[in-house]
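Peer 1: structure for this input, please:
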Amino acid sequence: MSSIAFSQFGAADGQPVIYFHGTPGSPDECEIFDLHGKQHQLTIICYDRSTIAPRLQGDAYYQCIAEEIANKVGANPVDFIGFSIGAFIALQVCRAMNGQVRSLHLVSAAAPMDAGNFIDAAAGKAVFRLAQNHPSAFLRLARVQGWLARRFPGLLLRILFSSATGEENTLAEDKTFRTAMTKTLKTSFKRDSLGYARDIIAYVQPWKATLADISVDTHIWHGAADNWSPVAMADYLASALPGCSNITILDGLSNYSCLYRTAPAICQSIKALN
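Peer 2: Numbering: from 1, shown residues only. A predicted model of the protein is given here:
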């Protein structure tokens, strides 16, 4: 029995794919892969990282996820999809999987802050700087964000998308997307804000040195208009990851719009490996 809550999409008994949701985010994000997973015989699993004990930090946290995945997939090869800050978690779990990951797809991926002057170009720079320099104050902010997500998710959604660029603006006006994102935000903080805070605080610490250890076949998908994960982050990751075999930059797309646009192609790419 799984000790980490998870959601499953796509085919009931297909090739296992692990999706790493964003931060803030939740397994509800993964629903956009459901139809494509069914079409390509992929079983797409997303673990709810907020259900992992807050005491697990750093390598112990990544190892916990890796062990859960290994127990789930057995000896089968497994493919990873990491979105935004979830891409950072996916990369760290890859290191703990001892070569069992067959391919890694990084979508709107957030690169290490210690690898360049990315922070000033990022829409979330104030939050990242707070987490870097004043983690206790950031934890208080995270609690406020959690309260907003539970009580007024629509307001938090408007705040998050107030700096939207490119196709993100169009997506933010779509009623279906707003409904899905409101649900995602509510479930992201349904327990507490500690899981969200753990990911952010870990992300803003130095980790560029870990990339040289990740040799898995990696595909990068990124929007040219992304101001949450600026496109320079994609270029850096492509140069720093030894196994990067493909980088696709999509004009006019930003963070979530890139995820929505690339979901079919990612599933097709994973299916082609079988």
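Peer 1: ok, for Leu148, nearest residue in space, not its chain neighbours?
Peer 2: Using Cβ to Cβ, 6 or more residues apart in numbering and skipping the chain neighbours, the partner closest in space to Leu148 is Leu156 (4.4 Å). Any C-beta I mention is one placed from the backbone N, CA and C, and that applies to glycine too.
Peer 1: all strands for the stretch 151-274 of the chain, in order.
Peer 2: Along the stretch 151-274 of the chain, the segments classed as strands by DSSP state E, counting those that start in this stretch run 217-223, 244-250.
Peer 1: hmm, I was thinking of the stretch 1-150 of the chain
Peer 2: According to DSSP E, counting those that start in this stretch, the strands that the stretch 1-150 of the chain contains are 6-10, 15-20, 42-47, 78-83, 101-107.
Peer 1: would you turn those into JSON lines with distance to Tyr260 and mean pLDDT?
Peer 2: As requested, the strands of the stretch 1-150 of the chain are exported to JSON lines (distance: least, Cβ to Cβ, whole Å; pLDDT from 0 to 100):
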{"stretch": "strand 6-10", "distance to Tyr260": "15", "mean pLDDT": "96"}
{"stretch": "strand 15-20", "distance to Tyr260": "14", "mean pLDDT": "97"}
{"stretch": "strand 42-47", "distance to Tyr260": "15", "mean pLDDT": "97"}
{"stretch": "strand 78-83", "distance to Tyr260": "11", "mean pLDDT": "98"}
{"stretch": "strand 101-107", "distance to Tyr260": "10", "mean pLDDT": "98"}
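Peer 1: and those: which comes nearest Ile65?
Peer 2: Among the strands of the stretch 1-150 of the chain, the nearest to Ile65 by Cβ to Cβ is strand 42-47 (6.4 Å).
Peer 1: from Asn255, how far off is the residue nearest to Leu148?
Peer 2: 16 Å (Cβ to Cβ, to the nearest Å).
Peer 1: who has more neighbours, the two?
Peer 2: Counted by other Cβ atoms under 10 Å, Leu156 and Asn255 do not tie: Asn255 has more neighbours, with 28 against 24.
Peer 1: my guess is that one contacts Glu168, does it?
Peer 2: Yes: with contacts counted by Cβ atoms under 8 Å, Asn255 reaches Glu168, the gap being 6.4 Å.
Peer 1: what residues does stretch 206-213 touch?
Peer 2: 88, 91-92, 95, 111-115, 237, 240-242 (Cβ atoms under 8 Å, 6 or more residues apart in numbering).
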